[in-house]
Each structure stands twice: as structure tokens, then as C-alpha cells.
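A predicted structure for the sequence below; I have some questions about it.
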Amino acid sequence: MNRMTKINKILVATSMLAMTSYSSLAFSQQSSPIVCPGYEKPKTKLLGERAGKKLQAAYEVYLNEELEEKSRVAQAMTMLRDIDAKEPFDKSTVERFLGQLLVAEEGKQDEALSLLESAASRNELNDKDQADILKLVGDLSLQEEKYEKAVVWYKKWMEFTCKEDGDTWTKIAKVYTETKEYDKVLDAADKAISLYEEPSKNPYNLKINAYHETKNYKGAVSTGEILVELFPEEKEYWSRLGFFYMLVEDYSSALATFELAYRQGFLSKKSEFRSMAQLYAAQDIPWKSAELTRKYMEEGLLDTDADDLAGLAGVYRQAREFKEAAKYYGQAAQKEPSEEYYEKQGVMLLDAEDYKGAIRALKNSLENRSEEQGSVHYALMQAYFYDGDFRQANVHAREAMKDPSLRRSANAWLPYIKGKADNRGIKI
């Protein structure tokens, strides 16, 4: 799709529909947009006979559907270039038509803009056409990234018509977004919001972007709250608001927002599910956090590398679901053999009273560990003790004592282990 569509692909046709005869080239003053105080409607301006006939001929070629579109546009432009208009009104009318045709031509936007600016600057066109071209030059300037010019022409349109509207102020806010003048973005967007009869999401989004760029997250939150109230069907507004709540550390509101979005089926991104799970954990609801993470891991929406599996295990541990925690520590260790994962798996199995399973996991940890073995020996001491193997419990208690930080605790176990062994008639 060419650039013409960005401005308005039917602009030329709609602006020239009156050109069915030479007399209609006067461009009627009816439906004048001017509402300025004290405004007096000027006399309708007419094209000169010579220029009018040539312009009419060019327009008829442009409308000739028997010709291929590219050919008739090219012919019409050639005919327009050949018009040697003398009068200001004639010149402006020819430049306006030619400029509108050039907008659609690749690489001709600068020439189009120059012609349209020239036509608009004379202020010779009849009122409605003058108002239309002022706004068109603003739109084309914005499209061509001539931002300062765009604001100038939009303001000329407002001055000429004594009108303001939400769309124009939204475009001005867009200009200031591009030039990173964020205070001006907020002012322009607020003006746009005040002028729309029906709410438009665009100025609110420009405000949110400005607040985000200036790290004014509280402003982003307040605007985001308005957006979800006005446009509750827009999925992305919910999660974005949730993220902004997180940035201002309002975690309860963030979780409530994500939950509402989740119930409506609005969440779909990895970052959204991950954040929601993190918020459950942060709000002391670890079981929901773990179940949510597990669900979307199994569905392939969340990663399942070793770190992620270990993270899930940690949340199950927080929820005191020790068997589940052990399961995912074990899966993490299978993906990335690690003495830490095996040790944690063993400790979880110990807490779940699966002593034989704990012993296997802790032995795996010892096999992968050359230093700092005290904590593993201490856990093995407990696992063997509760499994009834007091000799091995005694062995690992003495190994644990080699770690200065565990010496006192391990030593306290020795008489307890010996007493249990003596009661069973077992020599250690």
C-alpha cells in the first residue's frame, strides 16, 4: 500500500467531486467551516477561464476509467504542470490538485509538500478548501517527519477555523512524542481528551508513553486506570497497568489487576504469567504461584530450563508442598546435574519423610561435590537416623562435625543416635 493511503487515498476524488463542469471549479462556499467571531463570508472566488478549462481537462483525464490508473494519473500531472496560472487563486488551485496527486507517487512527497505549502500559504482558496489544505499539510509534514512544520500547520488550521478538535491535538501530542518533549505531550493530550465527544484511547496512550519515558510511574498508573475503565475490552491495557503497579510497588493492586485480566482470558504472554506467579509468591500465596507456573510450564508457555524448574521447586517449598518441591528439584538436576539441586531435593524428601529417597538424592549431591560437604552429611545423618540406620547416621554425624558451623549441632546428635542404637541392641 502506497503512501497515499496514510493521508487519505480518496482525498483527491472527494476534494474534486465538484469539478464536473467549468462553473463548478469555483469551489462553493457552502458548509463553510469558519466559526470565528465577527467572521463575514467572503465572495466566492472563480478560476480564470483559461486555467479553469485546463484544470477541468486534467481532472477529466484523471477520472477516465478507460485508462490504466497509473497512466491517467501521469497524464493528469503532466497537464497540470503545463498550466501557466497567473492569478493567485488559479495558482493555488492547480498546486493543490497537483500536490495531492504527487502524495501518492513514490519519492515525490517533498515536491507534494512544497506545492501544498505554497497553495496554503497564499490563503487564496475558498474557505473549506483552505481549511482542508491547512490540515493536509500538517498531516503530510507529520508523515514526512517534519515535526516542527506539522505543529505550525495544525495551529494555522485552528487559527483559520477558530476550531479545535481531539484528533488535531492528538496529532500534535504525537509530534511532541517524536521530538521527546514530554511535558508538551501531556498538555496536548489533555486538550485532546477534553475535546473528544466520545473517549479516544490514543491521547491516553500518548500520555502513558510520556509518563513512562520520564519515569513518572504514578502518572502512568492513574492514566492506565482510566484506560481500563473506558476500554475494558482492550487486553493489553490490563497487563500494562499491572506492570505499572509493580513499578510503584503496589503489589496488591498489581495482583488484583492481573487476576481480573486472567479471569477474562486477557493474558497470553510469558512475562504476564511469570509476573502473576511472582506476585502470588510475594503476597504469601505460594501454592497459587506454584500451580500457575506448573500449568503454563506443562503447556509450554513458560520455560523449563534448570533454573526455572528450581524456581518452581522453591515456591512449592514455600508452600510446604515438599514432595512437589523435591520432584522439581530432581527435574532441575536431571537437566543440569548440580550438587545444590540434589541437596535441596534430598532435604525436601527428608521433610516429606521419604528417607530412602532423601538418602539417594543426598548421595548424588556428595558425588558431585568436592568441598563444603558438611550440610549434606548433616542431612544424611538425619535421613539415616529416621530410616533406622544408626551406624550410618553416626558416620555422617562425625563427617558433619568437620564443618565448624555444624560442629555443635552434629555433636549434640551423637548421644541421641547412640542411645537409640543401644535401645535396639546395635553397636556403633
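Arrived safely, thanks for sending.

what about residue 89, how many residues close to it?
20 (other Cβ atoms under 10 Å). (C-beta placed from N, C-alpha, C; glycine too.)

next one: residue 199
15.

Quick check: phi and psi at it.
Recorded main-chain torsions at residue 199 are phi -60, psi 140, according to degrees, to the nearest 10.

and what of the one 3 residues further on?
For residue 202, the backbone dihedrals are phi -60, psi -50 (criterion: degrees, to the nearest 10).

Residue 171 is in contact with that one, correct?
No: using Cβ atoms under 8 Å, residue 202 makes no contact with residue 171, being 9.3 Å away.

just for the stretch 301-428 of the chain, where's the confidence low?
Along the stretch 301-428 of the chain, segments meeting pLDDT under 70 span 369-370.

can you rerun that using 80?
368-372 (pLDDT under 80).

what's next to stretch 341-352, contact-wise?
306, 310, 313, 317, 322-323, 325-326, 329-330, 332-333, 355, 357-362, 364-365, 368-369, 375-376, 379-380, 382-383, 386 (Cβ atoms under 8 Å, 6 or more residues apart in numbering).

Quick check: ChimeraX command selecting the buried ones in those residues.
Of these, the buried ones can be selected in ChimeraX as follows, counting by 16 or more other Cβ atoms under 10 Å:
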select :306,310,313,317,322,325,326,329,330,332,333,355,357,358,359,360,361,362,364,365,369,375,376,379,380,382,383
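
pLDDT value on the closest residue to residue 105 other than its chain neighbours, please?
Distances taken as Cβ to Cβ, 6 or more residues apart in numbering place residue 112 nearest to residue 105, at 7.6 Å, with adjacent residues excluded. As predicted, residue 112 sits at a pLDDT of 94.

who's in contact with residue 112?
99, 100, 101, 102, 103, 105, 140.

tell me which residues of the one helix or strand residue 246 maps to are tucked away?
Residue 246 belongs to helix 235-247 when elements are defined using DSSP states H and E. Within helix 235-247, the residues that count as buried by 16+ other Cβ under 10 Å are 237, 238, 239, 240, 241, 242, 243, 244, 245, 246.

how far out from the middle of the chain is that helix?
10 Å (Cα atoms, centre = their mean, to the nearest Å).

and it, what other elements does it pack with?
helix 217-230, helix 251-263, helix 270-282 (3 or more Cβ pairs under 8 Å, 6 or more residues apart in numbering; DSSP states H and E).

how many degrees apart are the first one and helix 235-247 in direction?
In terms of direction (axes from the mean of the first three to the mean of the last three Cα atoms, to 10 degrees), helix 217-230 departs from helix 235-247 by 150 degrees.

how far away is the closest residue to residue 173 other than its chain neighbours from residue 204?
The shortest distance from residue 173 to any non-neighbouring residue, by Cβ to Cβ, 6+ apart, is to residue 188 (3.7 Å). Distance, residue 188 to residue 204, using Cβ to Cβ, to the nearest Å: 12 Å.

And residue 348, by the same measure?
48 Å.

before we move on, what about residue 266?
18 Å.

same question for the helix holding residue 246, mean pLDDT?
In the prediction, helix 235-247 has an average pLDDT of 98.

one step back: of all the helices and strands packed on helix 235-247, which one comes closest to residue 93?
helix 217-230 (43.0 Å; Cβ to Cβ).

Just want the angle from the closest one to helix 251-263.
Using the same axes, to 10 degrees: helix 217-230 against helix 251-263 is 30 degrees.

contacts for helix 217-230?
Contacts for helix 217-230 (Cβ under 8 Å, 6+ apart): 199, 201, 204-205, 207-208, 211-212, 234, 237-238, 240-241, 244-245, 247-248, 250, 257.

follow-up on the earlier one: next up, identify which helix or strand the residue nearest to residue 105 is on.
helix 109-122.

And the closest residue to residue 307 other than its chain neighbours, how far from residue 270?
Nearest non-adjacent residue to residue 307, counting by Cβ to Cβ, 6+ apart: residue 332, 7.5 Å away. Using Cβ to Cβ, we find residue 332 at a distance of 19 Å from residue 270.

for residue 144, same thing?
38 Å.

Among those two, which residue is more densely surrounded?
residue 144 (15 against 11).

what residues are up against the more buried one?
Neighbours of residue 144 in contact, by Cβ under 8 Å, 6+ apart: 109, 110, 113.

host element of the nearest residue to the last one once chain neighbours are set aside?
Taking Cβ to Cβ, 6+ apart, and ignoring the residues beside it in sequence, residue 113 has residue 140 as its nearest neighbour in space, at 5.2 Å. Assignment of secondary structure by DSSP H and E places residue 140 within helix 127-143.

Check residue 78 too.
helix 69-81.

Pull the contacting residues for the closest residue to residue 58 other than its chain neighbours.
The shortest distance from residue 58 to any non-neighbouring residue, by Cβ to Cβ, 6+ apart, is to residue 79 (4.0 Å). By Cβ under 8 Å, 6+ apart, residue 79 lies in contact with 54, 57, 58, 61.
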